[in-house]
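S.K.: Sequence and computational prediction follow.
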Amino acid sequence: MTNQEILEAVGAAFPDGILGHGEFREDLTLLIRKEDLLRIAGFVKRDLGFDLLIDILGVDHFRAAGRFEVVYNVWSLLHKRYLRLKVPAEEEHPVVPTVTGIWPGANWHERETFDMFGIRFEGHPDLRRLYMPDEFEYYPLRKDFPLMGIPDSLPLPRR
């Protein structure tokens, strides 16, 4: 299956779902609407054979419009190729639907993205922090987080 065939299949099934697309090193990237994420993710897994979720990551572009994105890297065992799905998330309250019902392995990746970027995954079965304490009110991988951290924001262990 070629990138063009994937693009045509997803475009035919979801004519308004694709906001943009591109290729890098022969891997296809689809920028999709948040409202269509679950339907497109289910389609590419069920109908196109992208059965393995490799990674989910957050991106902070740190610009006025379109600050956050969630990127899903998936792999097809059948076709031996990658597909990248990108979903924009609002700056004020970044929320996207969880894909744990499609790829159960998304659980940990979504929790990590929430913990580091503050992007919430609506419907996630156990969305809680992985690395930072629950009471920590900041998100360390956001571009506006100070490089040296925030003094006294975390109690340090005593020696």
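M.R.: The structure has been received and is ready for your questions. Residues are numbered from 1 along each chain as shown.
S.K.: in the chain, which ranges drop under the pLDDT threshold?
M.R.: 64, 146, 148-149, 151-152, 154-159 (pLDDT under 70).
S.K.: At which residues are the helices of it located?
M.R.: Ranges of helices in the chain, per DSSP state H, are 3-13, 37-46, 106-117.
S.K.: Could you single out the most deeply buried of those helices?
M.R.: Neighbour counts (mean count of other Cβ atoms under 10 Å) averaged over each of the helices of the chain peak at helix 106-117, with a mean of 20. Where C-beta positions appear, they are placed from N, C-alpha and C, glycine not excepted.
S.K.: Can you check what angle separates that helix from helix 37-46?
M.R.: Following axes from the mean of the first three to the mean of the last three Cα atoms, to 10 degrees, one obtains 140 degrees for the angle between helix 106-117 and helix 37-46.
S.K.: quick one: contacts of helix 106-117?
M.R.: Residues outside helix 106-117 that contact it (Cβ atoms under 8 Å, 6 or more residues apart in numbering): 53, 55-58, 60, 68, 70, 94, 98-100, 119-121, 124-132, 139-142.
S.K.: go on, stretch 12-31?
M.R.: Against stretch 12-31 from outside (Cβ under 8 Å, 6+ apart): 3, 6-7, 10-11, 32-33, 36, 39-40, 43, 47, 81-88.
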